[in-house]
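Asker: sequence unavailable; structure follows:
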């Protein structure tokens, strides 16, 4: 397989997954603001922190209002992390490899991008936001399901799958990090009336609430939520599951030793963290930051092993 094709499949999957994740956090934040009183609700600024775009956002917008944040996250063409930008990039990547992916995959990605492009105002408005986000979520999941059900399990699929899982693991750590930082202080105690509502929002950001209740069989609490979202080997959005899936795909590829060593280290780190109750917010942030740096190192290792050097890719 050509390095260009492998990299295109990898990034196409990452962009579709990123668009879905942005839609998820907007949807959950909208409902969270309805559940919490004004003085407790975190507002819209944490969403900008989740995608790590505080600087670029402040350069373009004077205030962190609901409309400004939604414009930036939904339809800002200059924001590479907006839903519209992600779908545009996924579409352009797919367009260049239409002979590799099933034709239906190209049609679904193109259709979802055109919908998002024509419906930005509905996505920003209160009236049309729910339907818009639901369509983005359904479209992204349909694309992932169709590709999973119609592609050969060859090297191309492994690169596509690794891209999706790495993007998912990265967003999971970001959501936990930012959302837990904006929760009420721990000294308020587990009996605080709003504590479980906010931890439920962390779970719902990843559609994890029902699976958490099935697996953990306890009420929503900080330690159990962290353990489930970071260490579960069965829930497909948990960090441990995601990197384990990348490891399985890597096993089918050559020159995989450096990347496998990084994954082994990440697995030992996340599974060795048994005392989540002993981690205050600063320690938890440092722990999650270490996982994110590990994912960056893993991506760079994959790029060095399988993709064109950046200068050659730009020239091509």
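Answerer: Arrived safely, thanks for sending. It should be emphasised that the depicted structure is a prediction, and the values quoted were computed from it without experimental measurement.
Asker: contact partners of stretch 5-16?
Answerer: Residues outside stretch 5-16 that contact it (Cβ atoms under 8 Å, 6 or more residues apart in numbering): 86-87, 89-90, 93-94, 96-97, 100-101, 109, 140, 143-144, 155-156, 159-164, 166-167, 302-303, 306-308, 313. (C-beta placed from N, C-alpha, C; glycine too.)
Asker: return the subset of the residues you listed lying in helices.
Answerer: Among these, the residues falling in helices (DSSP state H) are 86-87, 89-90, 93-94, 109, 140, 143-144, 155-156, 159-164, 166-167, 302-303, 306, 313.
Asker: just the buried positions in stretch 214-223, please.
Answerer: 215-216, 220, 222 (16 or more other Cβ atoms under 10 Å).
Asker: which other helices and strands contact the helix or strand where residue 248 lies?
Answerer: Using DSSP states H and E, residue 248 sits in helix 239-250. Helix 239-250 sits against helix 155-181, helix 222-231, helix 257-271, helix 281-306, with contacts defined as 3 or more Cβ pairs under 8 Å, 6 or more residues apart in numbering; DSSP states H and E.
Asker: tell me the mean pLDDT for stretch 4-20?
Answerer: The average pLDDT within stretch 4-20 is 97.
Asker: again with stretch 96-111
Answerer: 95.
Asker: for the residue lying closest to residue 295 once chain neighbours are set aside, grab the count of nearby residues.
Answerer: Of all residues not flanking residue 295 in the chain, residue 170 sits nearest, at 5.3 Å (Cβ to Cβ, 6 or more residues apart in numbering). Look at residue 170: counted by other Cβ atoms under 10 Å, it has 22 neighbours.
Asker: surely residue 170 meets residue 292?
Answerer: Yes: the criterion here is Cβ atoms under 8 Å, and residue 170 meets it with residue 292 at 6.6 Å.
Asker: check contacts around the most centrally placed residue in the chain.
Answerer: Nearest to the mean C-alpha position of the chain, by Cα atoms, centre = their mean, lies residue 171 at 3.2 Å. Residue 171 is in contact with 17-18, 21, 50, counting by Cβ under 8 Å, 6+ apart.
Asker: switch the residues you listed over to a markdown table; also include secondary structure.
Answerer: Below are the contacts of residue 171 laid out as a markdown table (DSSP: H, G, I helix; E, B strand; the rest coil):
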| residue | secondary structure |
| --- | --- |
| 17 | helix |
| 18 | helix |
| 21 | helix |
| 50 | helix |
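Asker: and stretch 68-76, what's its mean pLDDT?
Answerer: 95.
Asker: what distance separates the start and the end of it?
Answerer: With Cα to Cα, to the nearest Å as the measure, stretch 68-76 spans 10 Å from end to end.
Asker: what separates that stretch from the chain centre, distance-wise?
Answerer: Put simply, stretch 68-76 sits 17 Å off its chain's centre (Cα atoms, centre = their mean, to the nearest Å).
Asker: sorry, back to before: mean neighbour count, the helices and strands packed on helix 239-250: which tops it?
Answerer: helix 155-181 (a mean of 23; mean count of other Cβ atoms under 10 Å).
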